[in-house]
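K.L.:
no sequence for this one, just the structure:
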Ligand SMILES: [Zn+2]
């Protein structure tokens, strides 16, 4: 086999620069660097000083979006700030990911988009990541207080039930904006899968926004259709293929697992 060089343009968040690239076993590895703050505050003694940067010896690899159907990773040396007063070293905040996780914000967002349309297990398989990673992302969404811009025009919403059973028995309700079917966006996540959870999501929309919704797509089970009918005066229930497919996917998974055990 011969190889040729091609030029590919990729988007990177502001302040991030690519210094190197390498292919590694079916993955794309980008060596990145990023803008550092001029000042840092020491979390131990509270002293604020000009950034005194030291790089950790080990490299960190974090997952980013797929490129040409293959996963890509960012590789960098985590920068540390050493406090000139108490000598405490702390990791400098990275603008493209949350602390303590091994993926970028935009990867997280991408996972969330996919979870709207497929089960956690299916998304995990597709992206070659663990179900625990997806659950970690969802749990973070549960904890974060999401604000929906009152200016946002939403004509179609989706309600999905998710079970986060890998870590502990936890159910969540996901409300997404399906106005643009190619780009579903999660609007709200709340704990539980009952009326209260559904209403907690819908209450994040203004009454004007609720009256603009023309259709809602929901899981076939649960209380979602009923609550939507009450809260969304001009909306019709749409039975859509995604939810049916998801339901079928779950059944197929179950059958497959059963089969795997018995065979
Ligand atoms: Zn200090």
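P.N.:
Great, that's in hand. Because the structure is predicted, anything quoted here is derived from the model rather than measured.
K.L.:
tell me the contacts of the closest residue to the ion within the stretch 101-250 of the chain?
P.N.:
Proximity of the stretch 101-250 of the chain to the ion (Cβ to the ion) peaks at residue 101, 25.4 Å away. Where C-beta positions appear, they are placed from N, C-alpha and C, glycine not excepted. Going by Cβ atoms under 8 Å, 6 or more residues apart in numbering, residue 101 touches 62, 108, 136.
K.L.:
count of neighbours near the residue nearest to residue 116 when sequence neighbours are not counted?
P.N.:
The spatial neighbour of residue 116 that comes closest, neighbours along the chain excluded (Cβ to Cβ, 6 or more residues apart in numbering), is residue 184 at 4.4 Å. By other Cβ atoms under 10 Å, 23 other residues sit near residue 184.
K.L.:
quick check: phi and psi at residue 184.
P.N.:
Dihedral pair for residue 184: phi -60, psi 140, per degrees, to the nearest 10.
K.L.:
quick check, it in contact with residue 174.
P.N.:
No - Residue 184 is beyond contact range of residue 174, at 10.0 Å (criterion: Cβ atoms under 8 Å).
K.L.:
between the two, which contacts overlap?
P.N.:
Common neighbours of residue 184 and residue 174 (criterion: Cβ under 8 Å, 6+ apart): 116, 158.
K.L.:
tell me the residues of the stretch 51-200 of the chain that contact the ion?
P.N.:
Taking Cβ under 5 Å from the ion as the contact definition, the stretch 51-200 of the chain meets the ion at 83, 85-86, 88.
K.L.:
scan those and report the most crowded one.
P.N.:
Ranked by neighbour count (other Cβ under 10 Å), those have residue 83 at the top, with 20 neighbours.
K.L.:
which residues touch that one?
P.N.:
By Cβ under 8 Å, 6+ apart, the contact set of residue 83 is 40, 42, 44-45, 47, 49, 52, 89-90.
K.L.:
restricted to strands, list those.
P.N.:
40, 49, 89-90 (DSSP state E).
K.L.:
out of the residues you listed, which are buried?
P.N.:
Neighbour-count burial (16 or more other Cβ atoms under 10 Å) is assigned, among the ones in strands among the contacts of residue 83, to residue 40.
K.L.:
now the two most distant members of the ones in strands among the contacts of residue 83.
P.N.:
49 and 89 (12.9 Å; Cβ to Cβ).
K.L.:
quick one on the thing from earlier: make a markdown table from the contacts of residue 83 and add pLDDT to it.
P.N.:
Output for the contacts of residue 83, formatted as a markdown table (pLDDT from 0 to 100):
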| residue | pLDDT |
| --- | --- |
| 40 | 94 |
| 42 | 94 |
| 44 | 94 |
| 45 | 96 |
| 47 | 96 |
| 49 | 95 |
| 52 | 93 |
| 89 | 93 |
| 90 | 92 |
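K.L.:
hang on, residue 95 in a strand?
P.N.:
No - counting by DSSP: H, G, I helix; E, B strand; the rest coil, residue 95 falls outside a strand, being coil.
K.L.:
that one: what's it in contact with?
P.N.:
Residue 95 sits next to 13, 15-16, 34-35 when contact means Cβ under 8 Å, 6+ apart.
K.L.:
one more: residue 238?
P.N.:
The neighbours of residue 238, taking Cβ under 8 Å, 6+ apart as the test, are 156, 215-217.
K.L.:
next up, the contacts around residue 8.
P.N.:
Per Cβ under 8 Å, 6+ apart, neighbours of residue 8: 67-68.
K.L.:
how does it look with 10 Å?
P.N.:
Counting by Cβ atoms under 10 Å, 6 or more residues apart in numbering, residue 8 touches 21, 28, 67-68.
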